[in-house]
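*Asks:* Only the shape, not the letters, is given here:
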């Protein structure tokens, strides 16, 4: 899977930058910036590994990644100064990274012998729950859970595509590539065309006659 | 323990519905509704399993449950439309489910060799912390922790009854049944009669002469 | 390490008291007070143990500690009545406890074979994340992450001193003592002189000419 390393690397960097933006909006200092960047970058994979009892955790087994995130946090002042120029560049690598983490998460779960539905769920958690953890630490209702351009849904769809192709005995790298394309295209289109689900609301009025 | 499966099944459904209500109050979409329903239904057991290093987690080993919760989330619009009729039906199965999860959680902890006090704590966590996780995700101070009808206290009491009866060499199924009755009766009475603990407050005035 | 037990003991008590103060500000009842005191006292070590897959967890293996915290929670009313006299006494034992937990956390991580940077991070998490968990449960932006007297930074510095001395083959107990002194002195000075990092902020204006 060596050709995936550059995507993983980019995904960690982009997630950290999103974490920095989130922490900065809360007026955090460098400690908070690092913690939130870390949570956004590694939170999803950490949950997956804890749930599957995999050791060592992704970031413990790849200690260069926490060090890179630490470096990014140290330069957060610089990054924030250029944020208006950086932000437009983030959407595509973010979608790619989310896709990669979703599919490798699904793959790890399958390898651990989980049911396909659970494998897809753990994939989606790997790909998208870093942001949820970041929001919870920052005392916000998680963006992932309120109406907005589809995100977890793209991951969910692509993970099923990946899983379905594996069932058809398509080789892993082609199934992975197909899943990646589905997720990235679905995600980018959702952002561009603002595809979203409505809020689920309790009716304020009691149900009428019927 | 086969005769407990229907209670477990009901408990998962009722917890999911509470999760949906919580998520709907925050204006979440279907992603959030599923995530919060999942957290309320499985959060307590997941914490217990992580703390005891048990594998696989409850919902990974019983993948039909996440699928059921997913189905419930898909129909959350329908459920919310009839919520005024559904809500009064929830208290009893919720108390039963909370009681069951508390006692089986205590039992798992004892089987893992923990100290009795720790076993009771892990039972209470199993029975009641799903709601705490749901509240934390929804950016609310956990309902379990502020004054209101006794909940964790009922679980705590029943878990000690269960544990005490096991020590007296009462067979497990009778001890469990007794614990269940204690928790359910205590919980329902707490709701009906509004038994609660007061808030613990820092005195706004410095302590006077003494 | 028997001579460290009194420090550990003090640290658990002091952390619980901080937890009680936090819960009381939120108007929690005894259930919430115990839960928050527990989270502040054991949250950091629990995260470390989960991340390193160590069993049993610190508080499961040392069940007298949860019982002590439970006792403290029962007397929280009394503690709160005398809080103005108790509070000034907390800073030094808190710094000592934070230092101890940081260094033993670093040591456990090293023993588990982690990279030094990860070991230091896990040490800092052990020493300081109890308060973060307490804040998250109480629906607050974590104090550790916003500007205020240096805390995680002191832990971080002392953990590197400890680790560096171990590399120089200084015996563990002298390295530990040196790390302890560095952390405690650095922390107490940070409080006294109000050393802090500034908030990291997104510029409200777009970056001007350069």
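*Replies:* Done, it's in. All of these numbers come straight from a predicted model, not from anything done at the bench.

*Asks:* Need the pLDDT of the residue of chain A at minimum distance from chain C.
*Replies:* In chain A, the residue found nearest to chain C is residue A:32; the distance is 2.7 Å by C-beta to the nearest C-beta. Any C-beta I mention is one placed from the backbone N, CA and C, and that applies to glycine too. Per-residue pLDDT puts residue A:32 at 97.

*Asks:* which one is it nearest to, not counting chain neighbours?
*Replies:* Leaving out its chain neighbours, the residue that sits closest to residue A:32 by C-beta to C-beta, 6 or more residues apart in numbering or on different chains is residue C:145, at 2.7 Å.

*Asks:* I'd say the one you found and residue A:23 touch.
*Replies:* Yes - using C-beta atoms under 8 Å, residue C:145 is in contact with residue A:23, at 7.1 Å.

*Asks:* shared neighbours, these two?
*Replies:* A:32, A:35-36 (C-beta atoms under 8 Å, 6 or more residues apart in numbering or on different chains).

*Asks:* just those residues now: which is nearest residue B:121?
*Replies:* Using C-beta to C-beta, residue A:35 comes nearest to residue B:121 of these, at 27.6 Å.

*Asks:* and the closest one, what does it touch?
*Replies:* Per C-beta under 8 Å, 6+ apart, neighbours of residue A:35: A:23, A:137, C:132, C:142, C:144-145.

*Asks:* what helix or strand does residue A:120 sit in?
*Replies:* Assigned by DSSP states H and E, residue A:120 falls within helix A:116-137.

*Asks:* residue boundaries of the helices in chain A?
*Replies:* Secondary structure of chain A by DSSP state H: the helices cover A:5-25, A:30-52, A:58-61, A:64-74, A:76-81, A:83-86, A:91-111, A:116-137, A:152-167, A:172-193.

*Asks:* For the first one, which outside residues touch it?
*Replies:* Yep, that's helix A:5-25 we're talking about. Applying C-beta under 8 Å, 6+ apart, the external contacts of helix A:5-25 come out as A:32-33, A:35-42, A:65, A:68-69, A:72-73, A:76, A:79-80, A:83, A:86-87, A:90, A:93-94, A:96-98, A:100-101, A:130-131, A:134-135, A:138, A:140, C:145, C:199-202.

*Asks:* what's the answer for the third one, then?
*Replies:* Contact partners of helix A:58-61, identified using C-beta under 8 Å, 6+ apart, comprise A:38, A:42, A:45-46, A:49, A:65-66, C:51-52, C:114-115, C:118.

*Asks:* picking up where we left off before, count the neighbours of the residue nearest to residue A:32 for me.
*Replies:* Per other C-beta atoms under 10 Å in any protein chain shown, the neighbour tally for residue C:145 reads 25.

*Asks:* Near chain C, which residues of chain A are found?
*Replies:* Residues of chain A lying close to chain C (C-beta under 8 Å from any C-beta of the partner chain) are A:20-21, A:23-33, A:35-36, A:46, A:50, A:53, A:55-57, A:59-60, A:63, A:66-67, A:70, A:76-77, A:80-85, A:136-139.

*Asks:* State the distance from residue A:202 to residue A:139.
*Replies:* When distance is defined by C-beta to C-beta, to the nearest Å, residue A:202 is 24 Å away from residue A:139.

*Asks:* Backbone dihedrals for residue A:147, both of them.
*Replies:* Backbone geometry at residue A:147, expressed as degrees, to the nearest 10, gives phi -50, psi 140.

*Asks:* What separation is there between it and residue A:85?
*Replies:* Distance of residue A:147 to residue A:85, computed by C-beta to C-beta: 29 Å.

*Asks:* Those two: who's more crowded?
*Replies:* Ranked by neighbour count (other C-beta under 10 Å), residue A:147 and residue A:85 place residue A:147 first, with 17 against 10.

*Asks:* Just the pLDDT at the more buried one, thanks.
*Replies:* pLDDT recorded at residue A:147 is 97.

*Asks:* Show me what the lowest-mean-pLDDT helix or strand in chain A is packed up against.
*Replies:* Using mean pLDDT, DSSP states H and E, helix A:83-86 stands out as the lowest-scoring helix or strand of chain A, at a mean of 90. In terms of contacts (3 or more C-beta pairs under 8 Å, 6 or more residues apart in numbering or on different chains; DSSP states H and E), helix A:83-86 is not packed against any helix or strand.

*Asks:* Distance from it to the middle of the chain?
*Replies:* Counting by C-alpha atoms, centre = their mean, to the nearest Å, helix A:83-86 is centred 21 Å from the centre of its parent chain.

*Asks:* which parts of it are buried?
*Replies:* residue A:83 (16 or more other C-beta atoms under 10 Å in any protein chain shown).

*Asks:* What of stretch A:56-76?
*Replies:* Going by neighbour count (16+ other C-beta under 10 Å), the buried part of stretch A:56-76 is A:56-60, A:62-63, A:65-66, A:68-70, A:72-73, A:76.

*Asks:* List phi and psi for residue A:82.
*Replies:* Dihedral pair for residue A:82: phi -110, psi 20, per degrees, to the nearest 10.

*Asks:* Now for residue A:44: which residues touch it?
*Replies:* Residues counted as contacts of residue A:44 (C-beta under 8 Å, 6+ apart) are A:101, A:105, A:125-130, A:133.

*Asks:* what stretches of chain A score poorly on pLDDT?
*Replies:* The model of chain A has pLDDT under 70 over residues A:1-2, A:204-210.

*Asks:* if we go to 80?
*Replies:* Residue ranges of chain A with pLDDT under 80: A:1-3, A:202-210.

*Asks:* ok, now which ones touch the residue in it that chain B sits nearest to?
*Replies:* Among the residues of chain A, residue A:145 lies closest to chain B, at 2.7 Å counting by C-beta to the nearest C-beta. Shown in contact with residue A:145 (C-beta under 8 Å, 6+ apart): A:132, B:23, B:26, B:28-29, B:31-32, B:35-36, B:137.

*Asks:* what does residue A:180 give?
*Replies:* Neighbouring residues of residue A:180 by C-beta under 8 Å, 6+ apart: A:96, A:99-100, A:103, A:158.

*Asks:* What of residue A:55?
*Replies:* By C-beta under 8 Å, 6+ apart, the contact list for residue A:55 reads A:49, C:53.

*Asks:* do the same with residue A:78
*Replies:* With C-beta under 8 Å, 6+ apart as the criterion, no residue contacts residue A:78.

*Asks:* My read is that the residue of chain A closest to chain C contacts residue C:151, right?
*Replies:* No - Residue A:32 lies out of contact with residue C:151 (C-beta under 8 Å); the separation is 11.3 Å.
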